[in-house]
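Asks: Please find the sequence and the predicted model below.
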Number of protein chains: 2
Amino acid sequence: MKKNALSVTREDDFSAWYQQLIAEADLAEESGVRGCMVMRPWGYGIWERVQFLMDQRIKATGHENCYFPLFIPLSYFAKEAEHVDGFAKEMAVVTHHRLMKDDADGLVVDPEAKLEEPLVVRPTSETVIGTAFSRWVQSWRDLPVMINQWANVVRWEMRTRMFLRTSEFLWQEGHTAHATRDEAMEETLEILEMYRSFSEDVLAMPVVAGEKPENERFPGADATYSIEAMMQDGKALQAGTSHFLGQTFSKAQNIRYQDKEGQFQFAYTTSWGTSTRLIGGVIMTHGDDDGLRVPPLIAPYQVVIIPMLRDKPEDEAVLEFCSALTKQLSGLRAFDENVRVKLDKSGVKASNKRWAWVKKGAPIILEIGPRDVSEGNVSALRRDALYKDNGKLDSQILEKDVFAEQVPALLEEIQTKLHGEARQRLDANITRGLTDFADVEKFYKENKKYPGWLEVQWCRATGEELDQIEERLKKLKLTFRNVPTQAAAVDGDCIFTGKPAVERILIGKAY
Amino acid sequence: MKKNALSVTREDDFSAWYQQLIAEADLAEESGVRGCMVMRPWGYGIWERVQFLMDQRIKATGHENCYFPLFIPLSYFAKEAEHVDGFAKEMAVVTHHRLMKDDADGLVVDPEAKLEEPLVVRPTSETVIGTAFSRWVQSWRDLPVMINQWANVVRWEMRTRMFLRTSEFLWQEGHTAHATRDEAMEETLEILEMYRSFSEDVLAMPVVAGEKPENERFPGADATYSIEAMMQDGKALQAGTSHFLGQTFSKAQNIRYQDKEGQFQFAYTTSWGTSTRLIGGVIMTHGDDDGLRVPPLIAPYQVVIIPMLRDKPEDEAVLEFCSALTKQLSGLRAFDENVRVKLDKSGVKASNKRWAWVKKGAPIILEIGPRDVSEGNVSALRRDALYKDNGKLDSQILEKDVFAEQVPALLEEIQTKLHGEARQRLDANITRGLTDFADVEKFYKENKKYPGWLEVQWCRATGEELDQIEERLKKLKLTFRNVPTQAAAVDGDCIFTGKPAVERILIGKAY
């Protein structure tokens, strides 16, 4: 029987597999600081690729990057009541600004150095950025304001999980202000579409874009949209959100402008974000029992070259061949960028290096020994197609230049294939047609392991009615995901209330 | 008399000029949060260029990026006594993790949510990264470890100044561990040289690289090296530091490895950093009485095109011409990158736009009116040579394609010219040859406004002797800058003690 690189399989224990993959692929590790992780070079390298490619899209749609303070005075939060109420109050609070030695020569917080006003470590920046907007926006000429920041944020989480829910995480948060409701709504949806296409085209991670029901809105938002990705265990991962904030924040923070007629108007604002959580999504979308498979567009290295060294004189020729090959491949272009090639000269045994890169998920792995050199060949492994039917590694021996010529197309093929696989899984695991809530219960009882999602018709309940539905779902550990923007028209009654349905909505278990 | 774009000149009040430039060039502003600034798009755009170009150099020298936690448990600091003693204890401390409503419906810190161990917001990351190194390093095969992170850090400053000294700032911090002393020292000096050449070649900011005397070392370091830049008021700005940490931190944090013979050895570590302070240096090196002049390599936009619009039908032809020109210029290459071009279509009056871009310091500013369009010309302003001898703006009218052809060379010429000017100023303002301390006092009394620096010979005092010298300098508001690595040999006695001199050292007022 085929033995895999990870000792835990997805089938055995999806959650343990996820943890092991993160460790074995050198993506991240526990830091010793509660709820915070260390992102190691391979994990952080993937994030750098995500940043680089998303930043281009953010700028191409007219946004500029800024940087706002990490600390937000407590009083800023008190300004917007709904925001405060709805937002989890679990935040890190700075109360003192000095340490001192105690009698035992230890280090303690200096009680004399108490801040007059506590500072909250930003959980999101609407309040502090809104305050800046109120300074920047005076006239209709100042609008729209469209900015973004790449930053760390902190939300004190009781139960943390690497990449998915950590106390500190890295993200981008966009914030815009517009003269009209229509323009702000257009921005909200344009970003939703940017997130959707980024997820599909760059992360090769299929998603459903749609609107959240009222109970899942961002605190203070008039409407919240999300992209929802399906993990290999059938659970949903909310991978990005775009909020139409209406005039809630502009009224709380006095973001006002004089229109062309000289009248004062409140602006309409939006905010939107994606985070290092996307990496968790990539892992649970593309990982297999041998580790991660990184889509070529976001792979820090797309081709890894492993010289098979034996502490013998012929090592020199192998290294020379590998160096020349590194240069040759680095000069190629794929996805409108130079191909990213790593020559792994580290002192580790070649077969260990191979498995390390398999676990990390480099798209193409080359092993070069003395025989390859003398014959001018490379032995190439595709990470997305590691094994032959007989369970042996499918290492292809190719003439060096023949291989090199294929690299750009091969990388694009791998990207497409990973996306295709995941797209098929998403499409196959949305169940439609249930019309009775009892069947929902039954469905999740019968499909415990990989249930996927249900798309049902409903009445777009709000308020108390929605609360009651939420309770019923909660008993099954289910939540509303979103109302897909691309869903079919309704043709029946609400599965919860029996009233006429007005839209279709996705239900699932979620991270 | 020529009128300048800023109302305060450098000559009148250098400090007020600095503040005004930052405001008028839209670089940054006060945030309302004590000691923290908002970096606006033009200021942050310059930082993004600095990041992009320095990151390439960091990676080219074999370092990989990681990300470590923002919070450091208090106990981590207690481990390395010298580090704690020497380091300013002014740090932001998180003591609670929750907010709650009080009786008056206001928001307060929940006293029940006190952390068991306070968390310090990182002022620098030696302690938390050293802890990770102790996990990563087991064998000589694991060395060297060479990593870097781009992050925000916080040092609670009593008196803050935008870009130069803010409570929160952005920086990169490199951390490495090596098997031998020699290798770690080589790394320390290689980074010093990288900082020096980056400052000269990219920022066009000349610096002196050298070693700090004992009293100016990083707490816990065996040796600290710096690059020192000269501002236009003759003061020094420490613009980057590289520390050889010896085994101090590896012993405190147990970074041990088994050598080839199986013996346990402590590693040797280094750390090094540069920050958004570099932007303060760029302002005070290249700014003039019309605002900033951004060196083309770090200018977010190198060419700004201003269409002169008048709400008339011919506007359309002007915009069309400008769009085509934007495309044409964006296709050009300078410094191995595409030229960065901004078409400023905002609704502001053309002459206001011109002055806004002059103050921001875009290297080349084009103004295009209907007559230029009909004649196929551009009117070009060079920011580094704004005026004719008669004090009028030196706007050059050139045939569009003739101009376009010159752009790459022009940008390189501007970069070189800015560097040359600043280099001349640095060289002209280091005074040598003083041998008596009384003359130092006299020199700074006679050259109050732009004294520049002194290079004197000294005995490399340490301990108490050094403390006494430091006191004498302090009375004149002077500090040691560094011992230039490129200084001439000594040929006399120590200016402070009369003992034989062993090296030359720079003295000056500093930011």
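Replies: Yep, that arrived. Numbers count the residues shown, from 1 in each chain, chains lettered A, B, ... in the order given.

Asks: Might you report the residue contacts of the closest residue in space to A:Phe437 that isn't next to it in sequence?
Replies: Excluding the flanking residues, the one nearest A:Phe437 by CB to CB, 6 or more residues apart in numbering or on different chains is A:Ile495, at 5.6 Å. Where C-beta positions appear, they are placed from N, C-alpha and C, glycine not excepted. By CB atoms under 8 Å, 6 or more residues apart in numbering or on different chains, the contact set of A:Ile495 is A:434-437, A:440, A:456-458, A:501.

Asks: In helices only, show me the residues you listed.
Replies: With DSSP state H as the criterion, helices contain A:437, A:440 from among these.

Asks: so can I have TSV of the contacts of A:Ile495 showing neighbour count and pLDDT?
Replies: Formatted as TSV, these follow (neighbours: other CB atoms under 10 Å in any protein chain shown; pLDDT from 0 to 100):
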residue	neighbour count	pLDDT
A:Leu434	17	96
A:Thr435	14	95
A:Asp436	11	95
A:Phe437	18	95
A:Val440	21	95
A:Val456	24	98
A:Gln457	24	98
A:Trp458	24	97
A:Ala501	22	97
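
Asks: now, the most widely separated pair of the contacts of A:Ile495?
Replies: Using CB to CB, these reach their maximum pairwise distance at A:Val440 and A:Ala501, which is 14.6 Å.

Asks: With respect to chain B, which of the contacts of A:Ile495 is nearest?
Replies: Among the contacts of A:Ile495, A:Trp458 lies closest to chain B (CB to the nearest CB), at 33.7 Å.

Asks: Could you grab the helix/strand/coil label for A:Leu6?
Replies: coil (DSSP: H, G, I helix; E, B strand; the rest coil).

Asks: any idea how far it lies from A:Asp105?
Replies: 47 Å (CB to CB, to the nearest Å).

Asks: Those two: who's more crowded?
Replies: A count of neighbours by other CB atoms under 10 Å in any protein chain shown puts A:Leu6 above the other of A:Leu6 and A:Asp105, at 22 against 8.

Asks: Let me see the contact set for the more buried one.
Replies: Counting by CB under 8 Å, 6+ apart, A:Leu6 touches A:17, A:20-21, A:24, A:289-291, A:359.

Asks: Closest one to chain B out of these, please.
Replies: Using CB to the nearest CB, A:Glu24 comes nearest to chain B of these, at 14.9 Å.

Asks: Out of the contacts of A:Leu6, which comes closest to A:Asp491?
Replies: Closest to A:Asp491, out of all of the contacts of A:Leu6 and judged by CB to CB, is A:Trp17, at 40.4 Å.

Asks: So that closest one belongs to a helix, correct?
Replies: Yes. According to three-state DSSP, A:Trp17 belongs to a helix.

Asks: number of nearby residues for A:Val50?
Replies: With other CB under 10 Å as criterion, A:Val50 counts 23.

Asks: where's it relative to chain B, distance?
Replies: Going from A:Val50 to chain B by CB to the nearest CB, to the nearest Å gives 13 Å.

Asks: How about the contacts made by that residue?
Replies: A:Val50 neighbours (CB under 8 Å, 6+ apart): A:202-203, A:278-279, A:298.

Asks: Tell me the secondary structure at A:Phe321.
Replies: Following three-state DSSP, we place A:Phe321 in the helix state.

Asks: surely it meets A:Ile368?
Replies: Yes. In this structure, A:Phe321 is within contact of A:Ile368 by CB atoms under 8 Å, at 6.3 Å.

Asks: Mutual contacts of those two, please.
Replies: By CB under 8 Å, 6+ apart, A:Phe321 and A:Ile368 have these common neighbours: A:Pro307.

Asks: partner residues bridging the residue lying closest to A:Gly62 once chain neighbours are set aside?
Replies: Setting aside the residues directly before and after it, A:Gly62 is nearest to A:Met146 in space (CB to CB, 6+ apart), at 5.5 Å. Counting by DSSP bridges, A:Met146 is bridged to A:Thr176.

Asks: ok, back up a step: quick one: which of the contacts of A:Leu6 is the most crowded by neighbours?
Replies: Neighbour max across those (other CB under 10 Å) = A:Gly291, 27 neighbours.

Asks: So what sits opposite it in the bridge?
Replies: A:Asp288.

Asks: Quick check: it vs A:Glu24, distance?
Replies: Separation of A:Gly291 from A:Glu24 (CB to CB): 6 Å.

Asks: which residues do those two both contact?
Replies: What both A:Gly291 and A:Glu24 touch, as defined by CB under 8 Å, 6+ apart, is the set A:5-6, A:359.

Asks: phi, psi of A:Thr166?
Replies: phi -120, psi 150 (degrees, to the nearest 10).

Asks: That one reaches A:Gly35, doesn't it?
Replies: Yes. At 5.8 Å, A:Thr166 and A:Gly35 qualify as touching, with contact defined as CB under 8 Å.

Asks: shared neighbours of those two, anything?
Replies: A:157, A:160.

Asks: mind listing what's buried in the helix ranked longest in chain A?
Replies: For chain A, the helix with the greatest residue count under DSSP H is helix A:400-428. Using 16 or more other CB atoms under 10 Å in any protein chain shown as the test for burial, helix A:400-428 gives A:400, A:403-404, A:407-408, A:410-411, A:414-415, A:417-419, A:421-423, A:425-426.

Asks: Quick one: low-confidence residue ranges for the stretch 51-200 of chain A.
Replies: Across the stretch 51-200 of chain A, the ranges flagged by pLDDT under 70 are A:80-88.

Asks: Show me the strands in it, by range?
Replies: Shown for the stretch 51-200 of chain A, the strands assigned by DSSP state E, counting those that start in this stretch span residues A:64-65, A:71-73, A:93-96, A:99-101, A:107-109, A:114-121, A:145-154, A:168-178.

Asks: contact partners of the second one?
Replies: For strand A:71-73, the surrounding residues in contact (CB under 8 Å, 6+ apart) are A:94, A:117-122, A:125, A:127-128, B:32-33, B:36, B:92, B:168.

Asks: Pull out the buried residues from those.
Replies: A:94, A:118-122, A:125, A:127-128, B:33, B:36, B:92, B:168.

Asks: As CSV, these with distance to B:Thr270 would be great.
Replies: Below are the buried ones among the contacts of strand A:71-73 laid out as CSV (distance: CB to CB, whole Å):
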residue, distance to B:Thr270
A:Val94, 30
A:Pro118, 37
A:Leu119, 33
A:Val120, 35
A:Val121, 30
A:Arg122, 32
A:Ser125, 35
A:Thr127, 40
A:Val128, 36
B:Val33, 33
B:Cys36, 29
B:Ala92, 26
B:Glu168, 25
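
Asks: Of those, which pair is most distant in space?
Replies: A:Thr127 and B:Ala92 (18.6 Å).

Asks: Just say helix, strand or coil for the residue most central in space within chain A.
Replies: Residue closest to the average C-alpha location in chain A (CA atoms, centre = their mean): A:Leu278, at 1.2 Å. For A:Leu278, the assignment made with three-state DSSP gives helix.

Asks: Now do it, the pLDDT please.
Replies: With respect to pLDDT, A:Leu278 has a value of 98.

Asks: Which residues are in contact with the nearest residue to A:Pro296 once chain neighbours are set aside?
Replies: Nearest non-adjacent residue to A:Pro296, counting by CB to CB, 6+ apart: A:Leu411, 4.2 Å away. Taking CB under 8 Å, 6+ apart, we find A:Leu411 in contact with A:296, A:302, A:334-335, A:339, A:363-364.
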